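> Sequence first, predicted coordinates after that:
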Amino acid sequence: MSSYLNTRVSLYSGRLWHAEDFDVLLRASDDEMANTLAERGLLQLAAGFSNPEQPAIGSNDPLSLEQRIIAQTLDETRVLIRPLSGAARNFLIYWTARFEVTNVKTLLRGKMTGERSASLLPRLTPMGSFGRLDHQELTLAEDVSELLRRLEAGPYATIVRQARRAFEQSHDPFHLDAALDRAYYDGLAQRAHSLESCAGPGFRGLMGNLIDRINLVWLLRYRFNYNLPPAQVYFLLVGSRYSLTGARLRELAALGSPEAVLAELPLEWRTRLSGVPDIPGVFSTMDHIAAEHAVKVLRTDAPAITRAFAYLILRERDLRAVRAVLRGRHLGLPVADIRLALQRTPQEVM
């Protein structure tokens, strides 16, 4: 099992992008785009240019691009989980559930606005073999309360239960989304905990970078963009055993400015985030740090599940950058502006 998965991860790692690969994509004409994407292993995205029966990626439907990117991610994850079993397999399957949680949000918003099923269903991302929800049935719910009850009786009951309580208290879409996000990542962290003893320090580092980044960025946004009180901010954060522990997050949420929060971070994070001007910059910097660690993991003989998770993190980061290029081209943005949007320094690819 380990030898097969390690071999597959090593082969897939050759698909990760270098800066020059993005230069090629930026220079490619529309006629060349399908081949350029296919040569880089992005078959789902290439199909959007080569198949006239499907919406083109450059069309006015941005969700078509998003759905194809997710389909690419699911295709590769499906291959990587084949030899896995037990906690490792469950972890990577749950990792894909992020996309189904997004579908849940779309369904809930649709019910809030009275959107009809016919217009709502095409906006849901097909999950293929990873799907656990009956979208058609869920769209038949009469209102948000009934939809939440149906969801709570299904496979994502633990995630939805907190969201239902948040909705009943405030009827605020923001709190509904935040509760769904927090519950999902709590579940991911719990599943990771059962793997850390066998998956090694590299795996713990991948999870630590992920959860710390999520918590810090959410804390800054909730506290200073949305002006939520400290207790409510803390309640919406993911339970953590990593650098930013629950106790430290509670202290940070009570501070009065973003600068004060950054000044009180652990030394490692404080050093790396020194001089970062805003919250998007915090996310970008921490994203770079996570990518650097993922590359290091790929270059080691870490357990196969750890290398597979590192690859998926880097692959999705590449796909986000490809999305930025394709959308920028569609909008006619200058190449210099698209390059700035990529924000891929320092280089993290193999």
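Nice, I can see it. Numbers count the residues shown, from 1 in each chain.

> show me where pLDDT drops low in the stretch 251-350 of the chain?
When residues are selected by pLDDT under 70, those of the stretch 251-350 of the chain lie in 343-350.

> Centroid-nearest residue for the chain?
residue 98 (6.9 Å; CA atoms, centre = their mean).

> And that one, which helix or strand is it part of?
Using DSSP states H and E, the element containing residue 98 is helix 86-113.

> and that helix, which residues are buried?
For helix 86-113, burial by neighbour count (16 or more other CB atoms under 10 Å) applies to 88, 91-97, 99-104, 106-111. Any C-beta I mention is one placed from the backbone N, CA and C, and that applies to glycine too.

> Equivalent analysis for stretch 70-85, please.
Per 16+ other CB under 10 Å, stretch 70-85 contains these buried residues: 70-74, 76-77, 80-81, 83-84.

> And stretch 135-145, by the same measure?
Applying 16+ other CB under 10 Å to stretch 135-145 flags 135, 138-139, 141, 144 as buried.

> Let me know the closest of those residues to residue 245.
Within those, proximity to residue 245 (CB to CB) peaks at residue 144, which comes in at 34.8 Å.

> so who does the closest one touch?
The contact partners of residue 144, by CB atoms under 8 Å, 6 or more residues apart in numbering, come to 108, 111-112, 167.

> cool, residue 71 as well?
Contacts of residue 71 by CB under 8 Å, 6+ apart are 44, 125-126, 128.

> ok, now with 6 Å
By CB atoms under 6 Å, 6 or more residues apart in numbering, residue 71 lies in contact with residue 44.

> Return the distance of it relative to residue 100.
Residue 71 sits 13 Å away from residue 100 when distances are taken as CB to CB, to the nearest Å.

> okay if I get the contacts of residue 144 as a markdown table plus pLDDT and distance to residue 8?
Putting those into a markdown table (pLDDT from 0 to 100; distance: CB to CB, whole Å) gives the following:
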| residue | pLDDT | distance to residue 8 |
| --- | --- | --- |
| 108 | 92 | 37 |
| 111 | 90 | 41 |
| 112 | 89 | 42 |
| 167 | 82 | 42 |
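
> CSV please, covering these and showing distance to residue 174.
Below are those laid out as CSV (distance: CB to CB, whole Å):
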residue, distance to residue 174
108, 12
111, 16
112, 12
167, 11
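
> okay, among the buried residues of stretch 70-85, which ones form the most distant pair?
70 and 83 (23.0 Å).

> any low-confidence regions in this structure?
In the chain (pLDDT under 70), the answer is 1, 48-63, 343-350.

> What strand or helix carries residue 240?
Counting by DSSP H and E, residue 240 is part of no helix or strand.

> What sits closest to it if chain neighbours are left out?
In space, and not counting its chain neighbours, residue 240 is closest to residue 211: 5.2 Å by CB to CB, 6 or more residues apart in numbering.

> one step back: ok, the contacts of residue 144 vs residue 318, which is closest?
Closest to residue 318, out of all of the contacts of residue 144 and judged by CB to CB, is residue 108, at 30.2 Å.

> From residue 157, how far off is that closest one?
Distance from residue 108 to residue 157, by CB to CB: 15 Å.

> quick one: buried residues of stretch 185-203?
Residues 185-189, 191-192, 195, 199-200, 202-203 are the ones in stretch 185-203 that count as buried (16+ other CB under 10 Å).

> circling back: tell me which two in the contacts of residue 144 are the farthest apart.
Of all pairs drawn from these, the greatest distance, 10.7 Å, lies between 111 and 167 (CB to CB).

> for the helix holding residue 98, packing partners?
Packed against helix 86-113 by the contact rule (3 or more CB pairs under 6 Å, 6 or more residues apart in numbering; DSSP states H and E) you find helix 144-152, helix 173-193.
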